[in-house]
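Visitor: Sequence and predicted structure are below.
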Amino acid sequence: MLDTLLLSRIQFATNISFHILFPTISIALAWFLVFFKVRYVQTKQPVWLRAYRFWVKIFALTFALGVVSGITMSFQFGTNWPGFMERIGNIAGPLLGYEVLTAFFMEATFLGVMLFGMKRVSPAVHTFSTVVVAIGTTISAFWILSLNSWMQTPAGYEIVDGVFYPKDWFAIIFNPSFGYRLSHVLLASGITASFLIAGISAYRLLKNDHKHAPKLTLKVALTVAMVLAPLQAVVGDLHGLNTFEHQPQKVAAMEGVWETEKGAPLLLFAVPDEVNRTNHFELAIPNLASLILTHELDGEIKGLNEFQGAHPPVKPVFYGFRVMVGLGLLMILVAALTRVTLWKHQKLPAWQLRLLVVMTFSGWIATLAGWYVTEIGRQPYMVQGLVRIDELVTQVPSEHVLYTLIGYLCVYTLLLSAYIKTLFYTADKAVEVEEYELNPPMRGENYA
C-alpha cells in the first residue's frame, strides 16, 4: 500500500511539474515582447506590432496559468509538508514574501496596462509597462531560485531547537549554488520560449501563412536559440562542477558511479541496479566523467557507496540527466541547422518547418528533466544534509492524499490539453487574418 510520504512527494512533484511549465515560458517570452515592441517604436514597421499582438495573447494565457498553479502549489506547504514551515519558515517565508512584495506586485500593477492599454495610454507608457512586466518575471525567478538554491546549498543560518533562523541574509540569498542555478533557469526559459515561438511560427508557415510576422518571429527565435543553447551547455557544465563540490552524491547518481574511483568513465547508457549496487549494459567512454568533473583524466569521483542511506534514488536522476543533456544537444543542432539554412536560402524547407513544430515543446521536456535531477537529487533531504523529508511530511491518512492527487492529475491534464490546443487554435486564427498596413522592410532589414 502506498504511504503518505510517497504520495505527498508525488503530489508535490505533480504540482511543481505543472506549474514550472508556464514560468519557463513567460519569463523569457516577456523579454521577446519587449524586443518586438521596442523594434516597432524604433522602425514604425507594423510587422513588429503584429508580432507583439499575437504573442502577447499567448503570454497572457501562460502568465494566468502560472499564477493560478503557483497559488495552488503553495498550499502544499501547509497540507502535505507542515513541518517545512514550522522548521524552515523563518527563512522560506521571507524569501517567498519578497517575491510577492517585489515581483508579483510589479507584474500585477503593469500587466493590465500592457494587455489592455495600447490604445489608452501613450506609446512610451505602454512600452514602459511591458519592460516592467518583463523585469517582474525575472525578479520572481530570482527569489524562487534563491530559496531553492538555499535548500540545495544552505548558508547563513543557525539552528535552535531544530528550527532554522537567519544569521546572514546576504549569505542566504547568494548561497554557493544560487548564481549557477539562476543562470541555468533563465537560459532554459530563453531556449524554451525560443523553440515555442519557432514552432508556432513554423506551424503558421506550413499552413500557408505568407505574412511577414511569422517569418520575422521565426528568424528572431532561431537567432536567440542558436546563441543561448550553446551558452546553456557552458553554464550547465559550470553548474555541474558546483554540484560536484557541494552535492557529490547527486553527481554520483547522475553519473552512475557506485564505487569511488579514479578515471571514471562517462556512461552514455546503463541500467542502474540499486539492489546489487551496480550497473548493467554499460556503454561508456573511458575517463571522460573524471575529465569533465575534475579536469584530470585520473580525477577521483566519490561513489554512491560512500553515501549509503543518504543518496538519492539513482534511476530517475541517472536517466533524467541524460534526457536533459540529450535534448540540449539536439536543440543546439536544430537551432544551428535551421538558422543557417534560413540565412542561406531566406526560407526553410518543409521538413525543417515540421521539425521545428515537433520541437515546439522540447524546452518543457528538457526543463522538467533537469528539474527532476535537481529535486530528486537532493533526496532524502529537504534541506541538503540537515533535514530529511520524512521529518516534515503530514500525518494525514494516505487515502486523503491519494484522492487529492487524483483530482490534481485530472484537472492538470485537462488544463494542459486546453492550453496546447488554444495555442494552435490561436495560430490557426492568425493564418486567416489578412495582412494590413504592409510596409516594405526598412533599408538593411530583411526577414531571413
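Guide: Yes, it's here. Computed from a prediction, not measured in an experiment: that's the story for all the values here.
Visitor: For the rest of this, base every contact and every neighbour count on C-alpha atoms.
Guide: OK.
Visitor: mind checking how far the closest residue to residue 103 other than its chain neighbours is from residue 27?
Guide: Closest residue to residue 103 apart from its sequence neighbours, by C-alpha to C-alpha, 6 or more residues apart in numbering: residue 136 at 4.4 Å. Residue 136 is 9 Å from residue 27, where distance means C-alpha to C-alpha, to the nearest Å.
Visitor: same deal with residue 293?
Guide: Residue 293 is 31 Å from residue 27, where distance means C-alpha to C-alpha.
Visitor: what does stretch 346-355 contact?
Guide: The contact list for stretch 346-355 (C-alpha atoms under 8 Å, 6 or more residues apart in numbering) reads 199, 202-203, 205-206, 338, 341-342, 447-448.
Visitor: Neighbour count: residue 293 and residue 27, which is higher?
Guide: Neighbour count, other C-alpha atoms under 10 Å: between residue 293 and residue 27, residue 27 has more, with 28 against 22.
Visitor: so which helix or strand takes in the more buried one?
Guide: Element membership of residue 27 [criterion: DSSP states H and E] is helix 4-43.
Visitor: Okay, buried residues for that helix please.
Guide: 4-5, 7-9, 11-41 (16 or more other C-alpha atoms under 10 Å).
Visitor: again with stretch 379-388
Guide: Residues of stretch 379-388 classed as buried: 379-385, 387-388 (neighbour count, 16+ other C-alpha under 10 Å).
Visitor: And stretch 200-207, by the same measure?
Guide: 200-206.
Visitor: Pick the one among these closest to residue 395.
Guide: Nearest to residue 395 among the buried residues of stretch 200-207 is residue 200, at 45.8 Å by C-alpha to C-alpha.
Visitor: wait, the closest one sits on residue 425?
Guide: No: assessed by C-alpha atoms under 8 Å, residue 200 is found out of contact with residue 425, at 10.5 Å.
Visitor: ok, back up a step: looking at pLDDT only, which of the contacts of stretch 346-355 scores worst?
Guide: Lowest pLDDT among the contacts of stretch 346-355: residue 447, with 38.
Visitor: hang on, the earlier thing: from the buried residues of stretch 200-207, which is closest to residue 94?
Guide: Nearest member of the buried residues of stretch 200-207 to residue 94, counting by C-alpha to C-alpha, is residue 200, at 39.0 Å.
Visitor: what angle do the host helix or strand of residue 215 and helix 4-43 make?
Guide: Taking DSSP H and E as the criterion, the element that holds residue 215 is helix 212-246. Calculated by axes from the mean of the first three to the mean of the last three C-alpha atoms, to 10 degrees, helix 212-246 forms an angle of 130 degrees with helix 4-43.
Visitor: which residues are in contact with the next helix or strand after helix 212-246?
Guide: Sequence-wise, the next helix or strand downstream of helix 212-246 (DSSP H and E) is helix 248-255. Here helix 248-255 makes contact (C-alpha under 8 Å, 6+ apart) with 240, 243-244, 258, 266-267, 289, 301-304, 307, 311-315, 317-319, 321, 373, 377-378.
Visitor: okay, now the residue nearest to residue 103: neighbour count?
Guide: Residue 136 has 24 neighbours, counted by other C-alpha under 10 Å.
Visitor: Could I get the full set of helices for the protein?
Guide: Ranges of helices within the chain are 4-43, 46-79, 82-99, 105-116, 123-152, 169-173, 178-206, 212-246, 248-255, 288-294, 314-345, 350-358, 362-376, 398-432, based on DSSP state H.
Visitor: Which among those is found nearest to residue 273?
Guide: helix 314-345 (8.2 Å).
Visitor: for the protein, what helix or strand is lowest in average pLDDT?
Guide: Across the helices and strands of the chain, the lowest-confidence element by mean pLDDT, DSSP states H and E is helix 105-116, at a mean of 86.
Visitor: and that one, how far from the chain's centre?
Guide: 23 Å (C-alpha atoms, centre = their mean, to the nearest Å).
Visitor: just the CA coordinates of it, formatted as PDB?
Guide: Taking C-alpha atoms only, helix 105-116 is exported to PDB below (Å, rounded to 0.1, in the frame of the first residue of the first chain):
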ATOM      1  CA  PHE A 105       3.000  43.400  -7.200                       C
ATOM      2  CA  MET A 106       5.200  44.900 -10.100                       C
ATOM      3  CA  GLU A 107       3.600  42.500 -12.600                       C
ATOM      4  CA  ALA A 108       0.100  42.900 -11.300                       C
ATOM      5  CA  THR A 109       0.400  46.700 -11.400                       C
ATOM      6  CA  PHE A 110       1.500  47.000 -15.000                       C
ATOM      7  CA  LEU A 111       0.100  43.800 -16.600                       C
ATOM      8  CA  GLY A 112      -3.300  45.400 -17.200                       C
ATOM      9  CA  VAL A 113      -1.700  48.400 -18.900                       C
ATOM     10  CA  MET A 114       0.400  46.000 -21.000                       C
ATOM     11  CA  LEU A 115      -2.500  43.800 -22.100                       C
ATOM     12  CA  PHE A 116      -5.300  46.400 -22.500                       C
END
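Visitor: other SSEs contacting it?
Guide: helix 123-152 (3 or more C-alpha pairs under 8 Å, 6 or more residues apart in numbering; DSSP states H and E).
Visitor: packing partners for the helix it packs on?
Guide: Counting contacts by 3+ C-alpha pairs under 8 Å, 6+ apart, helix 123-152 is packed against helix 4-43, helix 82-99, helix 105-116, helix 169-173, helix 178-206, strand 381-383.
Visitor: State the number of residues packed around residue 322.
Guide: By other C-alpha under 10 Å, 21 other residues sit near residue 322.
Visitor: ok, it to residue 366 distance?
Guide: 10 Å.
Visitor: And for residue 55?
Guide: Note on residue 55: its distance to residue 366, by C-alpha to C-alpha, is 23 Å.
Visitor: Also residue 413?
Guide: Separation of residue 413 from residue 366 (C-alpha to C-alpha) stands at 19 Å.
Visitor: again with residue 418
Guide: Taking C-alpha to C-alpha, one finds residue 418 at 21 Å from residue 366.
Visitor: More neighbours: which of these two?
Guide: residue 366 (23 against 11).
Visitor: mind checking how far stretch 412-431 is from the chain centre?
Guide: 20 Å.
Visitor: what sits against the nearest residue to residue 279 once chain neighbours are set aside?
Guide: Sequence neighbours aside, residue 272 is the residue nearest to residue 279 in space, at 4.3 Å (criterion: C-alpha to C-alpha, 6+ apart). Shown in contact with residue 272 (C-alpha under 8 Å, 6+ apart): 256, 278-280, 314-315.
Visitor: Brilliant, that's me finished.
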